[in-house]
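A.B. asks: Any chance you can model this:
(one chain, ligands or ions: 1)
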Amino acid sequence: MSNVLTNLGDILEQRKQAAADSSYVASLYHKGLNKILEKIGEEATETIIAAKDAERSGDNSDVIYETADLWFHSLVALAKLGERPEAVLNELARRFNMSGLEEKASRQPE
Ligand SMILES: N=c1c2ncn([C@@H]3O[C@H](COP(=O)(O)OP(=O)(O)OP(=O)(O)O)[C@@H](O)[C@H]3O)c2ncn1[C@@H]1O[C@H](COP(=O)(O)O)[C@@H](O)[C@H]1O
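C.D. replies: Here you go, the predicted structure:
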């Protein structure tokens, strides 16, 4: 499945050469990082609302759709900054043997 992210990372790189009116990703690059971050904020809010609706209804389809939008726009922001999806996968892989509670405790003073 990580091929999906690698393929998407390749497309996001290719879109840096595209005209703004030929591609949604190219149009975001041309509008700049602030516009991309605004989209992340919108998609995060929509994901939260969809998750609350899913909890009530038992139907997860909308929260999956909104999470895909959130991940996608986060990857566009990273691409704009010169990073690829693999950088996030590597960071998650680095954490495999690290308990979240232990990591948090190591950051907090006794
Ligand atoms: N995965 C996606 C993807 N997910 C969501 N979106 C777009 O993200 C936008 C989501 O914004 P909204 O829901 O707020 O809709 P909107 O009202 O149209 O957006 P705004 O007018 O507010 O910007 C929609 O236009 C979606 O089509 C995506 N656009 C592109 N991709 C991937 O990126 C590739 C390149 O896309 P283009 O650059 O358009 O060729 C595609 O082949 C896909 O693989």
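
A.B. asks: Tell me the buried residues in whatever helix or strand Lys52 lives in?
C.D. replies: Following DSSP states H and E, one finds Lys52 within helix 33-57. In terms of neighbour count (16 or more other Cβ atoms under 10 Å), helix 33-57 has its buried residues at Ile36, Lys39, Ile40, Glu43, Ala44, Glu46, Thr47, Ala50, Ala54. To be clear about C-beta, it is placed using only N, CA and C from the backbone, and glycine gets the same treatment.

A.B. asks: Name the residue closest to the centre of the chain, please.
C.D. replies: Centroid-nearest residue in the chain, with Cα atoms, centre = their mean: Trp71, separated by 2.6 Å.

A.B. asks: pLDDT score assigned to that residue?
C.D. replies: With respect to pLDDT, Trp71 scores 98.

A.B. asks: can you list the residues that contact whatever helix or strand it lives in?
C.D. replies: Following DSSP H and E, one finds Trp71 within helix 61-80. Identification of contacts with helix 61-80 by Cβ atoms under 8 Å, 6 or more residues apart in numbering yields 5, 8-9, 12-13, 16, 25, 28-29, 33, 36-37, 39-40, 43-44, 46-47, 49-51, 53-54, 84-85, 87-88.
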